[in-house]
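S.K.: build me a model:
(one chain, ligands or ions: 1)
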Amino acid sequence: MSDKAILQVGDNSYEFPLIKGTENEIAINVKTLRTASQGIITIDPGFKNTGSCESAITFLDGEKGILRYRGYSIEELANKASFLEVAYALIFGDLPNKEQLDTFHSDIKSKSVVDEDVKKIIDAFPKNAHPMGILSSLTSALVAFNPSSVNVDSEEEMYRAIVKIMGKFPVLVAWAMRKIEGLPLNYGSNSLGYIENVMKMMFEKPNEEFEINPIIKSALDKLLILHADHEQNCSTSTVRVVGSSHAGLFASISAGISALWGPLHGGANQAVLEMLESIKADGGDTKKYMAKAKDKNDPFRLMGFGHRVYKNFDPRAKIIKEAADEVLNDLGINDPILDIARALEQEALSDPYFVERKLYPNVDFYSGIIYRAMGIPVEMFTVMFALGRLPGWIAQWKEMRLRKEPIGRPRQIYIGENYREFIPIGKR
Ligand code: CMC
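M.R.: Numbers count the residues shown, from 1 in each chain. Below is the predicted model of the structure:
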């Protein structure tokens, strides 16, 4: 195959080099198009065909249902690694040995105290504030409490910023939940593992001895691993674009949290559970909701179905579905909405509308059922996604800064009014 692409526009033709990735993906590098053609640009709403960067972090093949972080398969990582090991691999490139992992963990623990004044900010939120709004605001507020900017050319400063956010973020996650639950703000314990500590901070009651439930611990570890990165999705692209203006790590992540919040992205896990609940309240007629999802005059979409990239199956959904069965079994919970979810999935998998459009359950379809079984309130589901995605955002921000990528600034094709004369207000 030739190593160049030729674009013919009218009588002119332009030549562009191809870029080939390590998995043989091919891109046309159109960097010189606008200058060479004196003004022609490409347009691709939603970036369906546009690569924004070259990246060595996550590989996914949506046709084959493959997902790998740093070359390691998601199936192996989910079954054999801990979330902290995966975080380390995403951020630093390889799985850590025992010593590297221990050092990483103890550095994170040493930075896990959040300034007491942050509690005053939480106090000011209404009790019914959405925890994603609280989390995004608090993450942004961390900038004010840690104002020194990071010199990205210093490995040491970069590392310090990374362990700081890894240490403080779970505290903010737990406090966002405790705020809406009306529980006193607490700290975990540095004697615990990363996940156990998250659980203590989230679930400990002021009047009860806290005990780690190993079933919940292992399910949480797995869920966070499955959410840890997903290459250039909406929130990750947001983190990279915001960071490309040289905004700091915490500010970039705060922007990523806002992007994740929407129901077409991370907010889908909350939307799925609310959808399943309303189907149940409406008598459990899944066929009625399937018909609504297919009706182009009805805005209803089957939440937790479909994916921009996966057109075969979402490998994360497969693992989560099994985990949901296990967790509910192990905890002895019989949740009727699991039956509704299974029925919807069965119907969709054999329905021509869904089959033709290659719409399969995604990572969010079953995750909410597990979170609910763990005792996590529905508004917190997307916050849990953010907790899992944190290492991915960090890794992508770090990569973008170290590769010295230019500021993200797309072009547009203007379709508004041509020049018009200004008319003074009294004459309009
Ligand atoms: N229910 C019904 N129809 C759907 C759905 C759905 N969930 N998803 C896509 N379609 C239809 C859509 O109407 C369109 O039909 P047509 O070709 O007749 O116009 C076709 O399938 C292609 O959809 P699209 O919106 O052009 O595809 P997209 O790649 O722009 O959107 C998506 C991907 C995930 C936003 C979309 O599938 C969706 O809205 N799903 C529901 C929300 C959801 O579960 N989001 C979580 C995604 S996974 C977690 C994450 O990483 O964010």
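
S.K.: name the helices or strands packed onto whichever strand or helix holds Ala323?
M.R.: Assigned by DSSP states H and E, Ala323 falls within helix 315-330. In terms of contacts (3 or more C-beta pairs under 8 Å, 6 or more residues apart in numbering; DSSP states H and E), helix 315-330 is packed against strand 66-69, helix 74-80, helix 214-226, helix 364-373. To be clear about C-beta, it is placed using only N, CA and C from the backbone, and glycine gets the same treatment.

S.K.: which bits of this protein sit near the ligand?
M.R.: For the chain, the contact set with the ligand under C-beta under 6 Å from any ligand atom comprises 46, 230, 233, 264-266, 268, 293, 301-308, 357, 359, 362-364.

S.K.: give the ChimeraX command for selecting the buried subset of those residues.
M.R.: This is the ChimeraX syntax for the buried subset of the residues of the chain next to the ligand, where burial follows 16 or more other C-beta atoms under 10 Å:
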select :230,233,265,266,268,293,301,302,303,304,305,306,307,359,362,363,364
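
S.K.: from the residues of the chain next to the ligand, which ones fall inside helices?
M.R.: Using DSSP state H, Ala268, Ala293, Asp364 are the members of the residues of the chain next to the ligand that sit in helices.

S.K.: and these as CSV, adding distance to Glu347?
M.R.: Converted to CSV, those look like this (distance: C-beta to C-beta, whole Å):
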residue, distance to Glu347
Ala268, 19
Ala293, 10
Asp364, 18
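
S.K.: how about Leu276: what's its closest non-neighbour residue?
M.R.: Closest residue to Leu276 apart from its sequence neighbours, by C-beta to C-beta, 6 or more residues apart in numbering: Ile337 at 4.2 Å.

S.K.: for the nearest residue to Glu196 once chain neighbours are set aside, give me its contacts.
M.R.: Nearest residue to Glu196 in three dimensions, chain neighbours excluded: Ile212, at 5.1 Å (C-beta to C-beta, 6+ apart). Ile212 is in contact with Leu192, Glu196, Met199, Lys200, counting by C-beta atoms under 8 Å, 6 or more residues apart in numbering.

S.K.: just to revisit the earlier point, just say which of the helices and strands packed on helix 315-330 is most tucked in.
M.R.: The highest average neighbour count among those, using mean count of other C-beta atoms under 10 Å, belongs to helix 364-373 at a mean of 26.

S.K.: for the following helix or strand past that one, packing partners?
M.R.: On the C-terminal side of helix 364-373, the nearest following helix or strand under DSSP H and E is helix 381-402. Here helix 381-402 touches helix 83-92, helix 131-145, helix 155-181, helix 214-226, helix 234-244, helix 249-261, helix 268-281, helix 364-373, going by 3+ C-beta pairs under 8 Å, 6+ apart.

S.K.: please identify the buried residues of the longest one?
M.R.: Of the residues in helix 155-181, those scored as buried under the neighbour-count criterion (16+ other C-beta under 10 Å) are 158-159, 161-180.

S.K.: next structured bit after it?
M.R.: Next along from helix 155-181, by DSSP H and E: helix 194-203.

S.K.: packing partners of that next one?
M.R.: Using 3+ C-beta pairs under 8 Å, 6+ apart: helix 194-203 touches helix 83-92, helix 155-181, helix 214-226.

S.K.: gap between the longest one and the chain center?
M.R.: Computed by C-alpha atoms, centre = their mean, to the nearest Å, the separation of helix 155-181 from the middle of its chain amounts to 16 Å.

S.K.: what packs against that helix?
M.R.: Using 3+ C-beta pairs under 8 Å, 6+ apart: helix 155-181 touches helix 98-110, helix 118-124, helix 131-145, helix 194-203, helix 249-261, helix 381-402.

S.K.: ok, 7 Å please
M.R.: helix 98-110, helix 131-145, helix 194-203, helix 249-261, helix 381-402 (3 or more C-beta pairs under 7 Å, 6 or more residues apart in numbering; DSSP states H and E).

S.K.: Leu60 belongs to a helix?
M.R.: No: assessed with DSSP: H, G, I helix; E, B strand; the rest coil, Leu60 is strand; it does not lie in a helix.

S.K.: possible to save the helices and strands packed on helix 194-203 as a markdown table with mean pLDDT?
M.R.: Output for the helices and strands packed on helix 194-203, formatted as a markdown table (pLDDT from 0 to 100):
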| stretch | mean pLDDT |
| --- | --- |
| helix 83-92 | 98 |
| helix 155-181 | 96 |
| helix 214-226 | 94 |
